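Novice: model this:
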Amino acid sequence: MLADELKKISKQFKESVPADIVKTIEKSIAEVAEGKILQTSLKVGDKMPEFILSNAVGNSISSTELLSKGPLVVNFYRGGW
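Specialist: Residues are numbered from 1 along each chain as shown. Purely as a prediction, here's the structure:
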């Protein structure tokens with residue numbers, strides 16, 4: 001079962017990573033949960049609104065333009081570089 005496998009992976013991770021890093025990750029997860037991100041995020045089957053974002057080199061990219069070429073995968077990075 002997936003839930004059992006994820007628990008196992010989480011346990012192995014926590015055993016192999018320094019405690020301060022685990023604490024930081026757990027704090028970040030709690031902050032996201034407290035922000036009610038799950039209640040406001042898109043769900044399976046929801047349509048993503050159209051958007052224009054800057055790519056890695058600062059050029060504007062339109063979701064509509066990209067979708068006209070085929071399926072679109074969007075990846076958001078939390079934090080800065």
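
Novice: what about the helices in this structure?
Specialist: 2-16, 19-34, 37-40, 63-67 (DSSP state H).

Novice: nearest to residue 77, of those?
Specialist: The closest approach between residue 77 and any of the helices of the chain, judged by Cβ to Cβ, belongs to helix 19-34 at 13.4 Å. Backbone N, C-alpha and C define where each C-beta goes, glycine included.

Novice: average pLDDT for that closest one?
Specialist: For helix 19-34, the per-residue pLDDT values average out at 89.

Novice: Work out the gap between that helix and the centre of the chain.
Specialist: Taking Cα atoms, centre = their mean, to the nearest Å, one finds the center of helix 19-34 at 14 Å from the center of the full chain.

Novice: Kindly export that helix (C-alpha atoms) in CSV.
Specialist: Extracted in CSV, the C-alpha atoms of helix 19-34 (Å, rounded to 0.1, in the frame of the first residue of the first chain):
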residue,chain,number,x,y,z
ALA,A,19,17.9,16.1,13.3
ASP,A,20,18.1,19.9,12.7
ILE,A,21,17.4,19.4,9.0
VAL,A,22,14.4,17.1,9.8
LYS,A,23,13.1,19.8,12.2
THR,A,24,13.4,22.5,9.6
ILE,A,25,11.5,20.3,7.0
GLU,A,26,8.8,19.5,9.5
LYS,A,27,8.4,23.1,10.4
SER,A,28,8.0,24.1,6.7
ILE,A,29,5.4,21.4,6.3
ALA,A,30,3.5,22.7,9.3
GLU,A,31,3.7,26.3,8.0
VAL,A,32,2.2,25.2,4.6
ALA,A,33,-0.6,23.2,6.4
GLU,A,34,-1.4,26.2,8.6
